[in-house]
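> Sequence unavailable; structure follows:
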């Protein structure tokens, strides 16, 4: 037995362990071979029995050897069969045809974002060495919360102070903090189409969740429940909740002690320059949790969202906040804060809105031209979406499938997603965000052929 | 009534709303004043009654006016009293004396991190425009997971493939995904001192949680439960769980179907260059969830952690993963991946370990010199901690309080945090991470005076 007992770098038991492990892995000790007994091995190596026993336990724990009572330790076969098998990749790679034109993407247009500008802000943030050496504020950097607060007041009529704002890496991270605070409410209603990822978190916390098409459905939400909605995106093509509907909902919420969660997703990309006031603002800041995100506005890869807590939830949050670490990158928080202060967020929104409006209009026109009377395109209220009604016997899912087969991704709109009195024709939804206008003609012609060809 | 109805930028109801809001806020309409009736106002302005009603509802919702049934709308007083009051900052700023020497900080030493190097990697990551335009992989960028996998295999003996790794913005973000997957287990045991933030998440998911001082306490954890521990930091001063203890725990876990959560916090900063093998590795990857973080290793402000799921949890995770968005910054993920590939993580660990070892040794010596026989300092096993036994009648909490008063933060070690057979003297814990060695003399002298002066 060659065992370098003088190697100073390793514990004794690890040396014994390594010795046998190598023998087994190299095949020099075949499955079924019996190892020397602990007593014998300890004697041979002049080590304590405990040392050898520890090494054997280690080998057994890792599946290299097996202890047979009253008999001894044997080299196993499992390493080459069962155990290793379990560690193989699951092979869950999606095959299918490659998508060349993605009209279903939630990514953003390359031209909507000024990379050079953002890089400058990140660079300057990374120069603040001292600040980066410490953990951030659990609630989010104070000065970023101030910048968000003043932005929200100006643009969304949100009533708040920086104390009410909590920053996090995405809306889900914020719901993880919010849900335990409001778990007494038990029931949560999600207005369609809602935000599947949001609903997941409520289900994780064992809320009873239910989808809903409108506040007027079947008596509305229960007393004391939670209502989660995206008032700037009430349908998949982005219809906005009307002010009177908002007031009705707030009235009902007040009477029935319902907590509203207003996910103001996509509120920035309306065609019309005057977005409807936020529910939070309409309610004077009470009874509403306001959620917003910068991922869509800047870059999806920047994970930064925020929530505005109503005053009645603040004491609970303050008590709990020290147990939650901040999730959002401090570097990016510092950069974003300066970016907002310098007015770039506003210009970024204007730029993106203009770009998407032009792209969506052109997409609408091109569909009209290429599909002729076989399609009726509508400009969606959400700035970058086009809803197209297709004159065919196919269902919308069949269209999406055929398109995907031809390498074009479109989103099928199922009848349940529409409002009352739908047309009989199938509808698909196209986002203009990632396909360049120079590719419209080719992509739409191929889409046409995949449906009618 | 002067109302610019030709202003094209606003909805009609918003103009009516703004008009009254300004009158009220400026004090031109005093509390108690009655507004014209909806009918009358609509007639005067030649607007529809709905428009005026909407404006009034808005004003009422925001608390500017109040509707008295059968009477009309009146300007309220609440804006200046109750409502605005609730929005005042909570005044929860911690006063107390300013800390000048922070021996209780979990931040890192400025010299432990090569800012210039990291900046280069971030810059190069930000140049990958196309990648940053899309959302990241929910599980974390594939190539980062590959880099982590090979690092873990080399340094911690962790058995895994990139498919088993999930990246997230901090350990809490990962526990948010894990908890709902294992909620059937109901009971979770936390070995002291544990990780309070981790326990919070389990409590949020309504696990029954319990602290524990060792696996041998009162029959150990229940069958089918969860055991959360930090084996590289079993006491506050960083004792490492011994290999035989590890084997005992694994044996018990296997027999009683206990899921182990191994939070390998601080495993990199041992003095001895051979860290004990991870529980995950010892168990051959089964029955153990391994958690690790880069925040402590690189910068606390970089929010990047990972978990290694055992094969038995993979199918559940795969089914659920699409409902969770990635929380960690994609830019930082891409940067870290290249940083690890280029070998900088290893050199960073060596550098930090060397620095902290030297600093902690000096701190130990200086305490001995300045406190004389009134203190017995011990080098903690966690690379940057010094445990000092103080010969005084005060309790450890009293020492910490007096020190804080003098502007020095130290951590009190309460008797429950020690192991059996403690000394009668109070103990405090000092981290050398953020105080420069050039300040030791002054800081320790002041600490001495605050206790004995």
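Sure, I can see it. Owing to the predicted nature of the structure, the values given are computational and were not obtained by experimental measurement.
> Sticking with residue A:450, tell me its helix or strand.
Residue A:450 belongs to helix A:440-452 when assigned by DSSP states H and E.
> And residue A:429, by the same measure?
strand A:427-431.
> ok, the top helix by length along chain A near chain B or not?
The single longest helix within chain A, with elements called by DSSP state H, is helix A:344-371. No: figure legend: helix A:344-371 not in contact with chain B (Cβ under 8 Å from any Cβ of the partner chain); closest approach 12.5 Å. C-beta: built from backbone N, CA, C; applies to glycine.
> how much space between whatever residue of the stretch 351-453 of chain A ends up closest to chain B and residue A:415?
Of all residues in the stretch 351-453 of chain A, residue A:434 sits closest to chain B, with a separation of 7.6 Å (Cβ to the nearest Cβ). Remark: distance between residue A:434 and residue A:415 (Cβ to Cβ, to the nearest Å) = 27 Å.
> ok, back up a step: what is the longest helix of chain A packed up against?
Contacting helix A:344-371 under the criterion 3 or more Cβ pairs under 8 Å, 6 or more residues apart in numbering or on different chains; DSSP states H and E are the following elements: helix A:142-156, strand A:375-379, strand A:385-390, helix A:440-452.
> Can you list the strands that the third one pairs with?
Strands adjacent to strand A:385-390 in the sheet, as given by DSSP bridges, are strand A:375-379 (antiparallel), strand A:427-431 (antiparallel).
> after that strand comes which helix or strand?
As the chain continues past strand A:385-390, the following element, by DSSP H and E, is helix A:396-405.
> just the angle between that following helix and helix A:440-452, please?
120 degrees (axes from the mean of the first three to the mean of the last three Cα atoms, to 10 degrees).
> What mean pLDDT does helix A:396-405 get?
Averaged across helix A:396-405, the pLDDT comes to 92.
> which residues are in contact with that helix?
Helix A:396-405 has contacts (Cβ atoms under 8 Å, 6 or more residues apart in numbering or on different chains) with A:96-97, A:99, A:390, A:392, A:394, A:409-414, A:426-428, A:447, A:450-451.
> ok, of the residues you listed, which come out buried?
A:390, A:392, A:409-413, A:426-428, A:447, A:450-451 (16 or more other Cβ atoms under 10 Å in any protein chain shown).
> So residue A:230 sits against residue A:192, correct?
No: in this structure, residue A:230 is not within contact of residue A:192 by Cβ atoms under 8 Å, at 9.6 Å.
> of those two, who's got more company?
More crowded of residue A:230 and residue A:192, by other Cβ atoms under 10 Å in any protein chain shown: residue A:230, with 25 against 15.
> what's the spacing between that one and chain B?
16 Å (Cβ to the nearest Cβ, to the nearest Å).
> Run through chain A and note the low-pLDDT ranges.
Residue ranges of chain A with pLDDT under 70: A:1-11, A:61-63, A:77-96, A:193-194, A:214-218, A:268-275, A:382, A:416-423.
> hmm, back to that, now the strand holding residue A:429 and helix A:344-371, what's the angle there?
Put simply, strand A:427-431 runs at 140 degrees to helix A:344-371, going by the same axes, to 10 degrees.
> hey, where'd the strands end up in the stretch 151-300 of chain A?
A:165-168, A:187-191, A:208-212, A:226-229, A:259-263, A:288-293 (DSSP state E, counting those that start in this stretch).
> JSON lines for these, including mean neighbour count and distance to residue B:337?
Below are the strands of the stretch 151-300 of chain A laid out as JSON lines (neighbours: other Cβ atoms under 10 Å in any protein chain shown; distance: least, Cβ to Cβ, whole Å):
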{"stretch": "strand A:165-168", "mean neighbour count": "25", "distance to residue B:337": "24"}
{"stretch": "strand A:187-191", "mean neighbour count": "22", "distance to residue B:337": "36"}
{"stretch": "strand A:208-212", "mean neighbour count": "16", "distance to residue B:337": "37"}
{"stretch": "strand A:226-229", "mean neighbour count": "25", "distance to residue B:337": "35"}
{"stretch": "strand A:259-263", "mean neighbour count": "25", "distance to residue B:337": "32"}
{"stretch": "strand A:288-293", "mean neighbour count": "25", "distance to residue B:337": "25"}
